[in-house]
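# Just to be clear, the model below is a prediction. Sequence and coordinates:
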Amino acid sequence: MTNLYLAKNQLAGKKVELSDITIRDGLQSLETVIDTDTKVKYLEGLILAGFKRMEATNYGHPKFVPFFPDATEVLKRLLNSETKGPDGKTVGEMMKQNGGDVELTAVAIHESGAARAFKDFDAGHGPDRILQMTSTCPEHQRANSGKTHDQYFEMTEQVIKEAHSRGMVVNGTVSTIWGSPFEKFNKQYSMDEKLDIAISFVKRYLNCGADDIELADHDGSVTDYHKSFEFFSRVLDPQEMGTGPDGRNYADPELYIAHFHTMNMASALRNAAAALKAGIIRFESCLSGIGGQPANAVDGVTIEGREGDYYSDHFNHGLISTEDMVTMFHQIGVDTGIDQDMLISLGTDFRKDVVDTFEAQQKKLGREYMKCRSYMLTTGKLPESVTQLYQ
């Protein structure tokens, strides 16, 4: 049996923190704009199912990322929601800004997006946390942000200072850790060298003051889960990571979030199991396993600037499925804080309302589409290649 075998009682009672990012990362992969009511409905449903960390929207320029024209409205509605949970508390009361424990995140990769987030926060309806992102691959970095690495870190350091002055939290995402859609990068560096580069980027973000770090497999490059285990073991190694200038222990597992895109859901689940065994306690996922690179078109019309995009097969690179990952963790005995029955019911509704509806619409028009990729929703069980790691 693999050396990453997990005995069922080995991690029994271990607590993890899960972030669902369906309404941001998931919906941006669909070639249509989902209405605000639907977004709020499923954000509220996920919160009632037990999620404390929600990635709710994106402040990207509507011209280039047109899937979130309602960023401010979504946040306002959550913060003022009167929808009640089983204990009688409203979703609005559960929000961090209202004295609760649910943290709202918005993507703000560029200065303009961060400025919008700050404006909303100052007006009393902004996110608690914003996300910035850099890629270890220079070509991917330039395509995503229009900046070099040095330019981006100079910008993000200023954004972090402005956010912290308001009491906001900033996530620094490190992407293309195990590989890039740009083959030049993959051919230039060995896997060991890629991981070394990623570690240096993690430290650079933390030195800039980032509060936590998302560690992202951008497109399913880490097909060998031993390499997942190796990398996450390194970022949790006190000798390798050391102590920051602010006194933080850079090997603290609270600092890191595992984020797996994949063409193969079983592979992503094995990677999550490997990260868990390495000591990672924070994970991100999407309902139905959708998500990924923003779509290049909306309702058949190509988005300006995305013609011939470097990531044209975005329908094949969704995120790890929330339904599957929660199920896997529960089978191991890990405490997620999530009501699994409620989650599966919500996921079933989401699949019908959003994923299957989009698929039918695209089929009718002869266009490509993203399918539901969750094993739990399509087959009712996880594959043996996953369960054999812990059974």
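Yep, it's here. Residues are numbered from 1 along each chain as shown.
# ok, residue 255 - how many residues close by?
22 (other Cβ atoms under 10 Å). Backbone N, C-alpha and C define where each C-beta goes, glycine included.
# my bad, should have said residue 243
Residue 243: 11 neighbours (other Cβ under 10 Å).
# Check whether it really touches residue 206, as I assumed.
No. Assessed by Cβ atoms under 8 Å, residue 243 is found out of contact with residue 206, at 10.3 Å.
# joint contacts of these two?
residue 250 (Cβ atoms under 8 Å, 6 or more residues apart in numbering).
# low-confidence ranges in the stretch 201-350 of the chain?
307-312 (pLDDT under 70).
# mind listing the helices in it by residue range?
225-235, 238-241, 265-278, 322-332, 340-350 (DSSP state H, counting those that start in this stretch).
# Let me have those in CSV, extended by distance to residue 302 and mean neighbour count.
Output for those, formatted as CSV (distance: least, Cβ to Cβ, whole Å; neighbours: other Cβ atoms under 10 Å):
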stretch, distance to residue 302, mean neighbour count
helix 225-235, 35, 21
helix 238-241, 43, 13
helix 265-278, 29, 25
helix 322-332, 30, 24
helix 340-350, 27, 19
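# Which one, of those helices, ends up nearest to residue 290?
helix 340-350 (9.2 Å; Cβ to Cβ).
# Report all helices and strands that that closest one contacts.
Applying 3 or more Cβ pairs under 8 Å, 6 or more residues apart in numbering; DSSP states H and E, one finds that helix 340-350 contacts helix 36-48, helix 322-332, helix 375-378.
# ok, 6 Å please
helix 322-332 (3 or more Cβ pairs under 6 Å, 6 or more residues apart in numbering; DSSP states H and E).
# Quick one: work out the angle between the helix it packs on and helix 340-350.
If you take axes from the mean of the first three to the mean of the last three Cα atoms, to 10 degrees, helix 322-332 sits at 160 degrees to helix 340-350.
# the inter-axis angle of helix 322-332 versus helix 36-48?
10 degrees.
# For helix 322-332, give me every contacting residue.
6, 11, 20, 269, 272, 285, 287, 336, 338, 340, 343-344, 347, 374-377, 382, 390 (Cβ atoms under 6 Å, 6 or more residues apart in numbering).
# same thing with stretch 56-63?
With Cβ under 6 Å, 6+ apart, stretch 56-63 has contacts from 23-24, 43, 65, 68-69, 71, 74, 104, 106-108, 113, 116-117.
# Kindly recompute the last result at 7 Å.
With contact meaning Cβ atoms under 7 Å, 6 or more residues apart in numbering, stretch 56-63 is reached by 23-24, 28, 43, 65, 68-69, 71, 74-75, 78, 104-109, 112-113, 116-117, 127, 304.
# what comes up buried for it?
By neighbour count on 16 or more other Cβ atoms under 10 Å, the buried set for stretch 56-63 is 56, 57, 58, 59, 60.
# so what's the second one scoring on pLDDT?
If I follow you right, that is residue 57. pLDDT, residue 57: 98.
# how about it, phi and psi?
phi -170, psi -180 (degrees, to the nearest 10).
# separation between it and residue 92?
17 Å (Cβ to Cβ, to the nearest Å).
# Also the last one?
Distance of residue 60 to residue 92, computed by Cβ to Cβ: 26 Å.
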